[in-house]
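S.K.: whatever this is, show me its structure:
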Amino acid sequence: MSDINNKITKDYLTGKATDREMEQLAEWLAHSEENRKDFFGMELAYHLGKPNPLATSEKIEEAEARLFNQIDAYEKQKRSKGTFHFLRYAAAILMAVLMIGGGLFAYLYRSEKTITVAALNEIKKVTLPDQSTVWLNKGATISYADNFEGDERKVNLKGEALFHVTKNAEKPFIVNSDGASAKVLGTTFNFNGQSAEGREVISLIEGKLEVTGLNGQGKVILHPNQKATVSKDSKSIKTENEYAAVDAVWRDNMIPFNNMQVKEIAHILEQLYDYKIIVDSKLDNKKTYTGVIKKNKDIRNVLDGLSYTISFHYTINNKEITLSE
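M.R.: This next block holds a predicted model:
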């Protein structure tokens, strides 16, 4: 069974599935691990869109009891191994949904050894077993062992995430995606595994990072304010010097400036907004500025805020901005 129709999915989610539909669903879930994870994602998205009350231990026990009563009923009626295992799996789904109602992480899947967390429509903060912190951008998913046993700390990433890794020289931290791998001892970096044109971009904010292409692109070492672009198509890794903190602005929408001159600030704004910015030669470009400013959809609001500190005027002509005295 390669696919499942929308009616069966909808009937199950709304509690209207027939015995035959339950059997078809169980057969599809038994077909592959990927099917089970996909369905868990649909189940999770459906319940996240509903106003779930705060889950209590009593509610969890009650829900679990109801579901296991269904298991017993199906076991007696059908003696179907596939259906039995599916309903046990559904119990885990319901437990996860109740946990989400209590404000916990959005678990897509959890076994004795693996935890998978997804950020659906909001940025999600995740604390790993070693107390490392990960911020998942919208749509990103991370999987990791629930105890980080062994000689390495490995996580698998789909999408974009910002990592702040707890230092442990004896136990390297490794992030794997479809096309690249990043190995660290303790550092802060942004890993974008879904950038345009089949590229993955890893930007190092602090520490030291070893980036490896998983399709024959080779290996590079990054230092702070460097980024590596791993191309799946050309099978190459390109490194460049950039203010890496810019790539992590999505986390809190704050643009940081650290001892930066006007031209450097202008370059950062060019990266964040689709404008070319020209700095008049009469502006004092020797002074440096440190601080943060909130990113706004309209660059005018950002320029207005900066102008109080840097003291400049600006003019906008189509997609070109000029900063002057």
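S.K.: my read: K171 touches K154, true?
M.R.: No. Checked against Cβ atoms under 8 Å, the pair K171 and K154 is beyond contact range at 10.3 Å. Yep, even glycine has a C-beta here, placed from its N, CA and C like the rest.
S.K.: can you pull the residues that touch both of these two?
M.R.: Both K171 and K154 lack any common contacting residue under the criterion Cβ atoms under 8 Å, 6 or more residues apart in numbering.
S.K.: with just CA atoms, put stretch 213-220 into PDB.
M.R.: Provided in PDB are the C-alpha atoms of stretch 213-220 (Å, rounded to 0.1, in the frame of the first residue of the first chain):
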ATOM      1  CA  GLY A 213      30.300  17.800   2.500                       C
ATOM      2  CA  LEU A 214      28.600  14.400   2.400                       C
ATOM      3  CA  ASN A 215      28.600  14.100  -1.400                       C
ATOM      4  CA  GLY A 216      32.300  14.300  -2.100                       C
ATOM      5  CA  GLN A 217      32.700  18.100  -1.600                       C
ATOM      6  CA  GLY A 218      35.600  17.700   0.900                       C
ATOM      7  CA  LYS A 219      36.200  19.300   4.300                       C
ATOM      8  CA  VAL A 220      37.000  22.900   5.600                       C
END
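S.K.: give me the sheet partners of the strand or helix carrying V134 and which way each runs.
M.R.: Per DSSP states H and E: V134 is located in strand 133-136. As defined by DSSP bridges, the strand partners of strand 133-136 come to strand 124-127 (antiparallel), strand 160-164 (antiparallel).
S.K.: in TSV: those strands, plus mean neighbour count and mean pLDDT.
M.R.: Formatted as TSV, these follow (neighbours: other Cβ atoms under 10 Å; pLDDT from 0 to 100):
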stretch	mean neighbour count	mean pLDDT
strand 124-127	15	90
strand 160-164	24	94
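S.K.: can I get those strands in CSV with distance to S181?
M.R.: What follows is the strands paired with strand 133-136, written out as CSV (distance: least, Cβ to Cβ, whole Å):
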stretch, distance to S181
strand 124-127, 19
strand 160-164, 13
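S.K.: the strands in the stretch 151-300 of the chain, which residues?
M.R.: For the stretch 151-300 of the chain, the strands defined by DSSP state E, counting those that start in this stretch occupy 153-158, 160-164, 173-176, 180-184, 188-192, 199-206, 209-213, 218-222, 226-231, 236-241, 254-260, 276-279, 289-294.
S.K.: quick one: closest of the ones you listed to L323.
M.R.: Comparison of those against L323 by Cβ to Cβ identifies strand 276-279 as nearest, at 5.0 Å.
S.K.: okay, and for this protein, where does confidence drop off?
M.R.: By pLDDT under 70, the low-scoring segments of the chain are 1-6, 9-17, 19, 22-23, 25-27, 29-112, 196.
S.K.: list the contacts for the residue lying closest to R153 once chain neighbours are set aside?
M.R.: Distances taken as Cβ to Cβ, 6 or more residues apart in numbering place F173 nearest to R153, at 4.6 Å, with adjacent residues excluded. Contacts for F173 (Cβ under 8 Å, 6+ apart) come out as D130, S132, E152, R153, V155, F163, V165, K183, V184, L185, G186.
S.K.: same question, G218
M.R.: With contacts defined as Cβ under 8 Å, 6+ apart, G218 is in contact with T212, S236, I237.
S.K.: what's the answer for I202, then?
M.R.: I202 makes contacts with A180, A182, F189, N190, F191, N192, L209, V211, L222, K227, A228, V230, as judged by Cβ under 8 Å, 6+ apart.
S.K.: measure it to L214 for me?
M.R.: Here I202 is placed at a distance of 12 Å from L214 (Cβ to Cβ, to the nearest Å).
S.K.: overlap in contacts of the two?
M.R.: Common neighbours of I202 and L214 (criterion: Cβ under 8 Å, 6+ apart): A180.
S.K.: now N296, nearest residue through space, not along the chain?
M.R.: Using Cβ to Cβ, 6+ apart and skipping residues adjacent in sequence, the residue nearest N296 is V302, 5.5 Å away.
S.K.: that older thread, quick one: buried residues of the strand holding V134?
M.R.: Within strand 133-136, the residues that count as buried by 16 or more other Cβ atoms under 10 Å are V134, W135, L136.
S.K.: what does that strand rub up against?
M.R.: Applying Cβ under 8 Å, 6+ apart, the set of residues contacting strand 133-136 from outside is 117-119, 123-128, 142, 155, 159-164, 251.
S.K.: repeat the analysis, applying 7 Å as the threshold.
M.R.: Counting by Cβ atoms under 7 Å, 6 or more residues apart in numbering, the neighbours of strand 133-136 from elsewhere in the structure are 117, 119, 123-128, 142, 159, 161-164, 251.
S.K.: about what we covered before: by neighbour count, which of the contacts of F173 wins?
M.R.: In terms of neighbour count, F163 stands highest of the contacts of F173 at 27 neighbours, by other Cβ atoms under 10 Å.
S.K.: in the sheet, who's paired with that residue?
M.R.: Following DSSP bridges, F163 is listed with bridge partners V134, F189.
S.K.: nice, that's everything, thank you.
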